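Novice: Have a look; sequence and predicted model below, questions after that.
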Amino acid sequence: MSVLFPKVNKPREWDYRPIYYDPEKEARLARLHHGSFREEHEKNMATQQARNKTKLVFWIALLVLALALYLFLR
């Protein structure tokens with residue numbers, strides 16, 4: 001230890017991270033009630049199934065179009 005310059009600990013720094021308001025998250029939190037996770041899951045699964053059905057229709061239409069084009073140009 002030094003007599004002329006004793007070691008002094010620095011004070012702790014203030015680490016502030018602001019919390020921003022997210023209206024979408026607040027709306028989701030307001031809808032929470034008993035059984036709401038199941039309802040949300042069922043709603044998400046229904047939209048996922050609809051999205052998958054739309055993709056399937058698109059690929060089938062594309063396949064039919066490619067097949068028709070192949071037969072027409074052959």
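Specialist: Happy to help now that I have it.
Novice: same for the lengthiest helix in the chain, what does it pack against?
Specialist: Secondary structure assigned by DSSP state H gives helix 36-73 as the longest helix of the chain. With contacts defined as 3 or more Cβ pairs under 8 Å, 6 or more residues apart in numbering; DSSP states H and E, helix 36-73 has no helix or strand neighbours. In short, each C-beta sits where N, CA and C put it, glycine included.
Novice: Quick one: mean pLDDT for that helix?
Specialist: On average, the pLDDT along helix 36-73 is 94.
Novice: Then stretch 15-24?
Specialist: 81.
Novice: next one: stretch 19-39 to chain centre, how far?
Specialist: In terms of Cα atoms, centre = their mean, to the nearest Å, the centre of stretch 19-39 is found 14 Å from the chain centre.
Novice: start to end distance for that stretch?
Specialist: With Cα to Cα, to the nearest Å as the measure, stretch 19-39 spans 29 Å from end to end.
Novice: Check which residues of it are buried.
Specialist: For stretch 19-39, a neighbour-count test (16 or more other Cβ atoms under 10 Å) marks nothing as buried.
Novice: Stretch 45-62 too?
Specialist: Under 16+ other Cβ under 10 Å, stretch 45-62 has no buried positions.
Novice: How far does that stretch sit from its chain's centre?
Specialist: Using Cα atoms, centre = their mean, the offset of stretch 45-62 from its chain centre is 20 Å.
Novice: Alpha carbons only: can I get that stretch in CSV?
Specialist: C-alpha atoms of stretch 45-62 as CSV (Å, rounded to 0.1, in the frame of the first residue of the first chain):
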residue,chain,number,x,y,z
MET,A,45,-52.7,-23.3,-35.0
ALA,A,46,-55.7,-22.3,-37.0
THR,A,47,-53.9,-19.5,-38.8
GLN,A,48,-50.9,-21.9,-39.3
GLN,A,49,-53.2,-24.5,-40.9
ALA,A,50,-54.8,-21.9,-43.1
ARG,A,51,-51.3,-20.7,-44.2
ASN,A,52,-50.2,-24.2,-44.9
LYS,A,53,-53.3,-24.8,-47.0
THR,A,54,-52.7,-21.7,-49.0
LYS,A,55,-49.1,-22.8,-49.7
LEU,A,56,-50.3,-26.2,-50.8
VAL,A,57,-52.8,-24.7,-53.2
PHE,A,58,-50.1,-22.4,-54.6
TRP,A,59,-47.7,-25.3,-55.3
ILE,A,60,-50.4,-27.5,-56.8
ALA,A,61,-51.4,-24.6,-59.2
LEU,A,62,-47.8,-24.1,-60.1
